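1. output the structure for:
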Amino acid sequence: MNRRQYLTRAGAGTLALAALAGCLDDLSRSESTTSAADRTGERELSRAAGTLNEAALALDIEDGGVGDSEDVEFDPDEPTGLIDDARGHLETAAAELDDERTPDAETLETYADILEALVAVTETITDEELESDADTVFDANGEERNLEDASETVDRWMGELEAVEVRHGGAVSDYEALDGDRFEELARIDPTDLEDGIDALGGVLDSLVTLVDGFDSMLDGYAALEDGQESVENEAYERAEAAFGDAKSAFETARETFDGDEHSPARLCDQFEMARCQSGHLTAAAEAFEEAAVTAESGDLLTANQRERDAERSLEAADGCTE
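-> A predicted model of the protein is given here:
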């Protein structure tokens, strides 16, 4: 596998951990000059810092990030292995150093926790299945309308994103608890570079959460649309009107959700564009179906048929958004 290590850029902003890479090239596995008495502990502390810096480098992507590239691959094994190695060095250092150096070891443990969380976030937002999963939702508008598969897909994504949001929130909290001066002295990295990297990853994660939240509203609309159409077949026009009204509201919510993301990364741009396109046409379809049900209930079947044809054209337009 051609591995591209990944952290990310969000929108037009440059990810700080990309800048961090330049600072780390000369620091990997660096060692401090210490006295013979505390040589082992200091050496292991220094090795832990250098190995964690290597893990940070392994989270950097060549030539940009998800904000610049539509094809991003990420293998979490390298940074995860480095973090595990660093924890081994820290365990030895903690056993060898005096108690007064405990805060130093704890600071690097926190650094390891942050990087570990960033690996989890990065692995989720670079999931290769994202595009095909999005297509499952878009295809729910087609003739076969497999809402069950689409619902399972969205539920899975929502669960994964909820878990990784917790991990990212933990990274933010850990960073805020860091002694910045101590961290910079030990790792020889500007802590604001790490902060900016955390923030940038959070921006990409927020975009993905927005996309999936919008998908969830679209599925509510699909279900209501299906209920309305079944009610029309049974000539239960009043129930159909209510169902189509629910569908319109759900699709409007989806469109508003998609519109709320102003800086989606390149990898998600196509999905956002298709989602906005579909939700707009689906809103129009639901509104036309609602009006058709109202006029059918009043006995104006000619107008009802016309509005139903308008709705069908909007559904076709929504299906065309993915072409």
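2. downstream of the helix or strand hosting Val166, the next helix or strand is which one?
-> Per DSSP states H and E, Val166 falls inside helix 147-177. Later in the chain than helix 147-177, the nearest helix or strand by DSSP H and E is helix 180-187.
3. which other residues reach that following helix?
-> 27, 45, 49, 52-53, 103-104, 107-108, 111, 189-191 (CB atoms under 8 Å, 6 or more residues apart in numbering). All C-beta atoms are positioned from the backbone trio N, CA, C, and that covers glycine.
4. let's see that with 7 Å instead.
-> Identification of contacts with helix 180-187 by CB atoms under 7 Å, 6 or more residues apart in numbering yields Ala49, Leu52, Asn53, Pro103, Asp104, Thr107, Leu108, Tyr111, Asp190, Pro191.
5. the helix or strand harbouring the fifth one - what's its average pLDDT?
-> When you say that, I think you mean Asp104. Using DSSP H and E, Asp104 sits within helix 102-125. Helix 102-125 shows a mean pLDDT of 95.
6. so for stretch 210-217, what gets flagged as buried?
-> Neighbour counts over stretch 210-217 (16 or more other CB atoms under 10 Å) mark Thr210, Leu211, Val212, Asp213, Gly214, Phe215, Asp216, Ser217 as buried.
7. the inter-axis angle of the helix or strand containing the fifth one versus helix 180-187?
-> Per DSSP H and E: Gly214 is located in helix 191-233. Angular relation of helix 191-233 and helix 180-187 on a 0 to 180 degree scale: 100 degrees, by axes from the mean of the first three to the mean of the last three CA atoms, to 10 degrees.
8. check which helices and strands the helix or strand just after helix 191-233 sits against.
-> Remark: after helix 191-233, the chain's next helix or strand is helix 237-259, criterion DSSP H and E. Under the contact definition 3 or more CB pairs under 7 Å, 6 or more residues apart in numbering; DSSP states H and E, helix 237-259 sits against helix 191-233, helix 266-297.
9. now the first one: mean pLDDT?
-> When the per-residue pLDDT values of helix 191-233 are averaged, the result is 94.
10. of the buried residues of stretch 210-217, which is the nearest to Gly260?
-> Within the buried residues of stretch 210-217, proximity to Gly260 (CB to CB) peaks at Thr210, which comes in at 6.1 Å.
11. tell me the contacts of that closest one?
-> Contacts of Thr210 by CB under 7 Å, 6+ apart are Thr257, Gly260, Asp261.
12. re the thing from before, helix 180-187 and the helix holding Asp104, what's the angle between them?
-> Between helix 102-125 and helix 180-187, the angle comes out at 80 degrees (the same axes, to 10 degrees).
13. which SSE is immediately downstream of helix 102-125?
-> Once helix 102-125 ends, the next helix or strand along the chain (criterion: DSSP H and E) is helix 130-138.
14. give me the below-cutoff pLDDT ranges for the chain.
-> Counting by pLDDT under 70, the chain contains low-confidence residues at 1-38, 61-72, 141-145.
15. returning to that earlier point: out of the contacts of Thr210, which end up buried?
-> Judged by 16+ other CB under 10 Å, buried ones among the contacts of Thr210: Thr257, Asp261.
16. neighbours around the closest residue to Thr322 other than its chain neighbours, how many?
-> Nearest non-adjacent residue to Thr322, counting by CB to CB, 6 or more residues apart in numbering: Phe138, 4.9 Å away. Phe138 has 20 neighbouring residues, counting by other CB atoms under 10 Å.
17. mind checking how far Phe138 is from Gly214?
-> Relative to Gly214, Phe138 is positioned 12 Å away (CB to CB, to the nearest Å).
18. which residues are contacting stretch 156-164?
-> With CB under 7 Å, 6+ apart as the test, stretch 156-164 has contacts from Ala120, Val121, Thr124, Asp133, Leu205, Leu208, Val209, Val212, Asp216.
19. list buried residues within those residues.
-> The neighbour count (16+ other CB under 10 Å) marks Ala120, Val121, Thr124, Asp133, Leu205, Leu208, Val209, Val212, Asp216 as buried among the contacts of stretch 156-164.
20. make JSON lines out of the residues you listed and add distance to Arg167.
-> JSON lines is the format used below for the buried ones among the contacts of stretch 156-164 (distance: CB to CB, whole Å):
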{"residue": "Ala120", "distance to Arg167": "5"}
{"residue": "Val121", "distance to Arg167": "6"}
{"residue": "Thr124", "distance to Arg167": "9"}
{"residue": "Asp133", "distance to Arg167": "20"}
{"residue": "Leu205", "distance to Arg167": "10"}
{"residue": "Leu208", "distance to Arg167": "14"}
{"residue": "Val209", "distance to Arg167": "13"}
{"residue": "Val212", "distance to Arg167": "16"}
{"residue": "Asp216", "distance to Arg167": "21"}
